[in-house]
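Chemist: what's the 3D shape of this:
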Amino acid sequence: MKNILKYIVAIVVLFGTTNCERDLDLLPLDEVTSDVFFQKSNDFKLYANGLYSHLPSFNSSMTTSRDNWTDLHWVGGGQEISNSSYIEPENSGLWDSRYRRIRNCLVLIEKEAELEAGTIKDEVQVYKGEAHFFLAMAYFDLFRVYGGVPLIKNTLQLDSEEIYGPRASRKEVVDYIIENLDAAIAAPVGSLAGAGDIGRVTLEAARSYKARVALFEGTWRKFHGLGSENEMLDLAISESRTVLNSGKHSLFKSDALGDLSYFYFFILENDEKSNPAGLGKEAQNEYILTRKHNKLDASHGYISTNSGNLSPTLKMANMFLDNTGLPIDHPNSVFQGHGFAIDPVTKVATNTEYVDRDPRMLNNLIEPFDQFWYHSPYHRDYSLTGDQLQNTGGWNEGYWTSATGYLLSKFLPEIEGALGTDYPVIRLAEVMLIYAEAVFEKDGSISDADLDMSINKLRDRVDMPHLTNSFVTTNSLDMRNEIRRERAVELMCEGFRYDDLRRWKTAEVEMSQALKGIQWTNSPISTSAPGFEVYNERTDQIETVGAHVAKAFDVDGDGFSIMEPASRRKFEQKHYLWPIPLRQIALNPALEQNPGWVSQ
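Modeler: Predicted coordinates for the structure are as follows:
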């Protein structure tokens, strides 16, 4: 969004969140105060611009890095949330930052309320709507990990009684979130967005986020036995259907990019060299709301993103169906097995695991020994150091840089000095998945027509067979499992899995399992015999692999590498909600700790 950070220095004074020394006079405070500043409609716009720094982006604790907390990814050395070894913290950056954001939003909302009719009141409604949207987003970040939290509905002073109030109930908090999203929709947000304001919150963004919140709470109520889930599920259905029927957004697919459309649309840049078809960000209409990054005008900062150092697990790789639409463990699956098949005559190794699979597997993962561009000048330069084969840059062969042997390519740019890939805060694919899941969980069934307007559109993009009721019945599948599988595959590494497992109340099973990687005993690099030849499907060439890598982990009875054994992983009932920070409880004795934690 144009000029969105140009005024951050001035706006941060209004926010009251600077840590400057008291005698450091950066701005004339008698000229830039909330009393004087909110006099023109452009003042409200500039203040609202500052709120866009609240949008999530790559590798934050609430987005892609959040997948490190789950069963589908591994981060070296373990992860305290993933294996539930964390304890009650003294302080919480999440708690503190979200309440600061809440105050920021309330300032604008209250200043709009002070305006008299006939002045600029009508002109600033859209910016008030944006403040309501970001207020809802901040509360949802708190709600999905803590449950009920204190509701602050107006700016407070140090002696305000509300500071020492109790936690609101789940219902009160989610109702307030929905109330603020309704206010954003009524504004309506996006109505004043012009060519220079691309990236602002729109009606479709507010409705989509409302559907996200409603699905989360509806399924939480259903599977945690809280009741009244249909109220939320109906809301998720109606809002997602409205967005799908609006025609404002469409799934990205490029004939020029062909089978790689799914891969490249996540890394579109405003540079013709960012993909073989020379497409820019304007070519895709799937993103409903993004965190804008653009090096060309530095309008919102820029980022040369990567995949957040996520190493997908064996479980994630196994999520991908075969190309007939069957799970790979189905007796009729065409899956050719894990690891490699080595021709006894030619000695050429084939990556059987990647053969005849959902194309999204090779769009999200890099096949072992496949070359890929890693935003560096071309060269291949490997040196053997100790027990690890080190990649020194440029082309990467997609094996040793991942702890699990599965290397992620999603969000990985392919040009040197990437100009700035936008982060998808909300995209149409998620709305389709919300609709399908909400319909099924509401009625216990879903029609083929509803599947065709949601999941099957996602499958059409990658030329996968449709999911239908007859296919499920004929192959003895479970429709709920297949809807959830589609969500895991399509939204891989976009930060949803942790919340999904907790709202479905399956985390105590899924998160307590061992985290595993490739089938080590059937891998060319696990043998001491050098000189294996590997067929690279993408380059249509035979490549020699002459490296031996020493095993640095245990393997199970089937030869799969064990990154973290089940004995080190646990998920108890108390882990469904995070503990309230201890300092907050010390400051406010009215706060009750979440069940199961020591300070309860």
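Chemist: leaving out chain neighbours, which residue sits closest to K410?
Modeler: Nearest in space to K410, with sequence neighbours left out and distances taken as C-beta to C-beta, 6 or more residues apart in numbering, is N364 at 4.9 Å. Placement of C-beta: from N, CA and C, glycine included.
Chemist: these two touch, right, the one you found and L407?
Modeler: No: applying C-beta atoms under 8 Å as the test, N364 and L407 come out as separate, 10.0 Å apart.
Chemist: any common contacting residues for these two?
Modeler: Shared contacts of N364 and L407 (C-beta atoms under 8 Å, 6 or more residues apart in numbering): P312.
Chemist: CA atoms of stretch 318-335 as CSV?
Modeler: In CSV, the C-alpha atoms belonging to stretch 318-335 read as follows (Å, rounded to 0.1, in the frame of the first residue of the first chain):
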residue,chain,number,x,y,z
ASN,A,318,2.1,-38.9,3.4
MET,A,319,-0.8,-36.5,3.4
PHE,A,320,-0.5,-36.0,-0.4
LEU,A,321,-2.8,-38.4,-2.3
ASP,A,322,-1.8,-40.5,-5.2
ASN,A,323,-2.9,-39.1,-8.6
THR,A,324,-6.0,-41.3,-8.6
GLY,A,325,-7.3,-39.4,-5.5
LEU,A,326,-6.6,-42.2,-3.1
PRO,A,327,-4.6,-42.0,0.2
ILE,A,328,-1.3,-43.8,-0.3
ASP,A,329,-2.1,-46.4,2.3
HIS,A,330,-5.2,-47.4,0.5
PRO,A,331,-5.1,-51.0,-0.9
ASN,A,332,-6.0,-49.7,-4.4
SER,A,333,-3.5,-46.9,-4.4
VAL,A,334,-0.9,-46.6,-7.2
PHE,A,335,1.7,-45.4,-4.7
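Chemist: same question for that stretch, mean pLDDT?
Modeler: Averaging pLDDT along stretch 318-335 gives 98.
Chemist: quick one: buried residues of that stretch?
Modeler: For stretch 318-335, a neighbour-count test (16 or more other C-beta atoms under 10 Å) marks 318-323, 325-328, 330, 333, 335 as buried.
Chemist: could you do stretch 448-456 as well?
Modeler: In stretch 448-456, counting by 16+ other C-beta under 10 Å, buried: 450-451, 453-456.
Chemist: any stretches of the stretch 351-500 of the chain with poor pLDDT?
Modeler: Applying pLDDT under 70 to the stretch 351-500 of the chain flags residues 369-401, 415-419.
Chemist: which residues in it form helices?
Modeler: Here the stretch 351-500 of the chain has its helices, by DSSP state H, counting those that start in this stretch, at 360-364, 428-443, 448-452, 455-461, 469-474, 479-490, 497-503.
Chemist: right, and these - which one's nearest A256?
Modeler: With C-beta to C-beta, the closest approach to A256 among these belongs to helix 455-461: 14.6 Å.
Chemist: which residue is nearest the middle of this structure?
Modeler: In the chain, the residue lying closest to the centroid (C-alpha atoms, centre = their mean) is E494, at 2.4 Å.
Chemist: I'd say that residue and F58 touch.
Modeler: No: contact criterion C-beta under 8 Å: E494 and F58 do not qualify, at 10.3 Å.
Chemist: what sits against the residue nearest to the centre of the chain?
Modeler: Contact analysis of E494 by C-beta under 8 Å, 6+ apart lists 63-64, 67, 424, 430.
Chemist: repeat that for 10 Å
Modeler: Each residue near E494 by C-beta atoms under 10 Å, 6 or more residues apart in numbering is listed here: 63-64, 66-67, 266, 410-411, 423-425, 427, 429-430.
Chemist: can you list the domains in the protein?
Modeler: For the chain, the structural domains run 8-201, 313-416+515-567, going by automatic domain parsing.
Chemist: okay, those domains in JSON lines with distance to L582 next?
Modeler: Shown next, in JSON lines, are the domains of the chain (distance: least, C-beta to C-beta, whole Å):
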{"stretch": "domain 8-201", "distance to L582": "5"}
{"stretch": "domain 313-416+515-567", "distance to L582": "28"}
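Chemist: mean pLDDT lowest where, among those domains?
Modeler: Among the domains of the chain, domain 313-416+515-567 scores lowest, with a mean of 73.
Chemist: pull up the distance across that one, start to finish.
Modeler: For domain 313-416+515-567, the first-to-last residue distance is 17 Å (C-alpha to C-alpha, to the nearest Å).
Chemist: can you select the buried ones from the contacts of E494 in ChimeraX?
Modeler: Filtering the contacts of E494 down to the buried ones (16+ other C-beta under 10 Å) takes a single ChimeraX command:
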select :63,64,66,67,266,410,411,423,424,425,427,429,430
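Chemist: tell me the two of the contacts of E494 that are most distant?
Modeler: R66 and A429 (17.8 Å).
Chemist: flag every buried residue along stretch 89-104.
Modeler: Residues 89, 92, 94-95, 98-99, 101-104 are the ones in stretch 89-104 that count as buried (16+ other C-beta under 10 Å).
Chemist: restricted to helices, list these.
Modeler: If you go by DSSP state H, the buried residues of stretch 89-104 have 94-95, 98-99, 101-104 in helices.
Chemist: count the residues that sit near the residue nearest to N294 when sequence neighbours are not counted.
Modeler: Leaving out its chain neighbours, the residue that sits closest to N294 by C-beta to C-beta, 6+ apart is G420, at 4.7 Å. Close neighbours of G420, defined as other C-beta atoms under 10 Å, add up to 24.
Chemist: try T506
Modeler: The burial count for T506: 15, using other C-beta under 10 Å.
Chemist: can you tell me the SS state at K516?
Modeler: strand (DSSP: H, G, I helix; E, B strand; the rest coil).
Chemist: separation between it and G325?
Modeler: 25 Å (C-beta to C-beta, to the nearest Å).
Chemist: tell me the contacts of K442?
Modeler: Applying C-beta under 10 Å, 6+ apart to K442 gives the contacts 218, 222, 229-230, 232-234, 236-237.
Chemist: narrow the residues you listed to those that are buried.
Modeler: 218, 222, 229, 232-233, 236-237.
Chemist: identify the farthest-apart pair in those residues.
Modeler: Greatest spatial distance among the buried ones among the contacts of K442 (C-beta to C-beta): K222 and I237, at 13.8 Å.
Chemist: and stretch 148-166, how far out from the chain's middle?
Modeler: The chain centre lies 30 Å from the centre of stretch 148-166; the measure is C-alpha atoms, centre = their mean, to the nearest Å.
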